[in-house]
Each structure stands twice: as C-alpha cells, then as structure tokens.
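> Attaching a predicted model along with its sequence, questions to come.
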Amino acid sequence: MAKQDTQSIGLLRPMANQDLEMVLEWRNAPKVRENMYTQQVISLNEHQNWWARVKDSDNAKYLIFEVDGVPTGFVSFTSVDLDHKTAEWAFFASSTAVRGTGSKMELLALDFAFSNLGLNKLNCEVLAFNTGVISLHKKFGFLEEGVFRDHKKLGGTFIDVYRLAIFATQWQDIRPKIIDNMSRRTPHA
C-alpha cells in the first residue's frame with residue numbers, strides 16, 4: 001500500500017461546525033471519557049465555547065476521520081510549534097467504530113504530522129491504565145519518554161501518565177512495516 005493508497009483505509013479532513021454535535025456525542029461516551037483528563041459529561045454550550053476558542057488556532061488542528069464518507073473518529077494536534085517542529089496529539093473513535101479504527105487513525109495521523117505539518121517530533125500522554133492505547137502507540141513506533149507519577153487526580157485517585165513520542169525518522173523507518181501489516185489485514189475489493 002503506497003502512500004497515496006492510504007485513502008483506501010480512510011481519510012482525515014478538517015473538523016467543521018457541522019461536526020460539533022457528533023464529536024460531542026463521541027467525546028461524552030463513557031468509554032472515551034474514562035480515558036480523558038476531563039472525565040465529566042461536557043454540555044453542548046461548553047463544547048461550542050471550546051470550538052469558538054480553538055477552531056481558528058494557529059497552533060492546533062482538529063480533524064475528522066472518515067471511512068467511505070462516514071465519520072468515525074476525531075484526531076487533534078495541539079501545542080503545534082512549527083519553529084521547534086513539535087506537537088501533542090490525541091484521538092478517539094465513535095462508539096460504533098469497527099475494530100482496527102484506532103490503527104487506521106494512527107497511521108493517517110502520523111502521516112499528517114510528519115508530511116502535512118512537517119514535524120520532527122510528535123508527543124502524547126496516556127493515562128497509565130489505558131494499556132491498550134499505550135501498546136498501540138508503541139506498535140506504531142512511539143517510545144516511552146517517561147512516566148509522570150501521580151500526575152492526574154481522577155475520581156479521587158492520583159494516576160500515573162505515560163509520556164510517549166515518535167520522531168519523523170522513526171516513522172519513516174517503521175511506516176512500510178505498518179502499511180504491510182495493515183494491508184494484510186484489510187480485505188481488498
């Protein structure tokens with residue numbers, strides 16, 4: 001699967017105003033909220049205020065993941081620093097997303113980070129109990145840079161947070177293997 005062929009697994013497009021309620025529904029789903037720093041249900045008004053603040057930001061990108069024209073996930077790049085070529089990223093899928101959606105989003109997000117944004121380094125933070133996402137990131141070449149011990153207080157308990165990162169050169173090296181593995185699992189029409 002060549003770089004231009006990744007569209008067969010889906011695409012990332014800019015988030016738009018008409019996506020707001022859909023993204024809020026995904027974000028408020030219990031399985032998404034439990035893995036976020038902010039775990040309370042977010043109101044439509046709070047969500048609209050957030051969007052009004054961030055939608056035109058120079059240091060953030062908010063994207064919708066689509067498969068065959070159907071929105072299935074959300075990808076964000078924040079703290080985008082083009083001088084230092086770094087950013088933070090996060091993602092979540094809709095509650096109806098099929099197995100493998102996270103891998104597809106991660107592939108496209110890494111391509112976007114290093115090709116579209118021209119980053120050198122992409123960072124993320126993951127709550128320690130979210131071992132599935134930590135493993136997924138590591139499968140895609142992220143390396144653990146450290147653990148922030150008792151870093152976030154959630155539900156009255158302090159939680160460790162894993163800090164992971166990947167460099168453009170690492171992604172360039174591992175990308176062909178990821179593409180090969182994904183194309184073996186993806187049925188061809």
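Arrived safely, thanks for sending. These numbers were taken from a predicted model, which means no experiment stands behind them.

> Enumerate every residue touching the most centrally placed residue in the chain.
Within the chain, one residue has its C-alpha closest to the average C-alpha position: by CA atoms, centre = their mean, that is Phe91, at 2.7 Å. Phe91 makes contacts with 65, 73-76, 102, 105-106, 109, as judged by CB atoms under 8 Å, 6 or more residues apart in numbering. The way it works is simple: take the backbone N, C-alpha and C, and place the C-beta from them, glycine included.

> Also Pro71?
Applying CB under 8 Å, 6+ apart to Pro71 gives the contacts 19, 22, 64-65, 94.

> quick one, strands of this protein?
Listed from the start of the chain, the chain has strands (DSSP state E) covering 11-14, 61-67, 70-81, 86-93, 121-127, 143-154, 157-167.

> partner strands of the second one, parallel or antiparallel?
For strand 61-67, the paired strands and their directions (DSSP bridges) are strand 11-14 (antiparallel), strand 70-81 (antiparallel).

> most neighbours per residue, which of those?
strand 70-81 (a mean of 18; mean count of other CB atoms under 10 Å).

> Now do that strand, average pLDDT.
When pLDDT is averaged over strand 70-81, the result is 97.

> What of stretch 117-133?
Per-region confidence: stretch 117-133 scores 96 on mean pLDDT.

> what's the burial count for Asn123?
The number of residues packed around Asn123, counting by other CB atoms under 10 Å, is 17.

> Would you mind listing the residues in contact with it?
In this structure, Asn123 makes contact with 86-89, 145, 163-165, judged by CB under 8 Å, 6+ apart.
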